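Student: below: sequence and its predicted model.
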Amino acid sequence: MSRIIIPVAFGDTKAVERNYKLRFWFAEPTTVEQHRIFDVSVQGKKVLDDFDIRTEAGTSRRAVIKVVRGVKASEQIVVDFSSERGRAVVSGIEVVAE
């Protein structure tokens, strides 16, 4: 499993729980026929199950964007990737307060 921790509280201000929208950017970087299959969890809740970038995009090297709304956090957002086949890959994560 791979984990990304995204801080959302900065400076000396008191951390307040807010809702966030996460936009995940995926693209399969290889042209190898074997598919990557993985799960994505945010704050311990599975948001993508058996995700296959190539199948979703229809080919390699084509972007796929997945949006997750209503993520509650006060200090950090924890994103876990759990691979079922191959290694999980993410090209970018955008975090926006709702």
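Tutor: Received the coordinates, thanks.
Student: ok, and the closest non-adjacent residue to the most centrally placed residue in the chain?
Tutor: With distances taken as CA atoms, centre = their mean, the residue of the chain nearest its centroid is Phe24 (4.9 Å). Leaving out its chain neighbours, the residue that sits closest to Phe24 by CB to CB, 6 or more residues apart in numbering is Lys66, at 4.6 Å. For glycine as for every other residue, the C-beta is placed from the backbone atoms N, C-alpha and C.
Student: list the residues that contact the residue nearest to the centre of the chain.
Tutor: 40, 48, 65-68, 90, 92-93 (CB atoms under 8 Å, 6 or more residues apart in numbering).
Student: of the residues you listed, grab the buried ones for ChimeraX.
Tutor: Per 16 or more other CB atoms under 10 Å, the buried members of those correspond to this ChimeraX selection:
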select :40,48,66,68,90,93
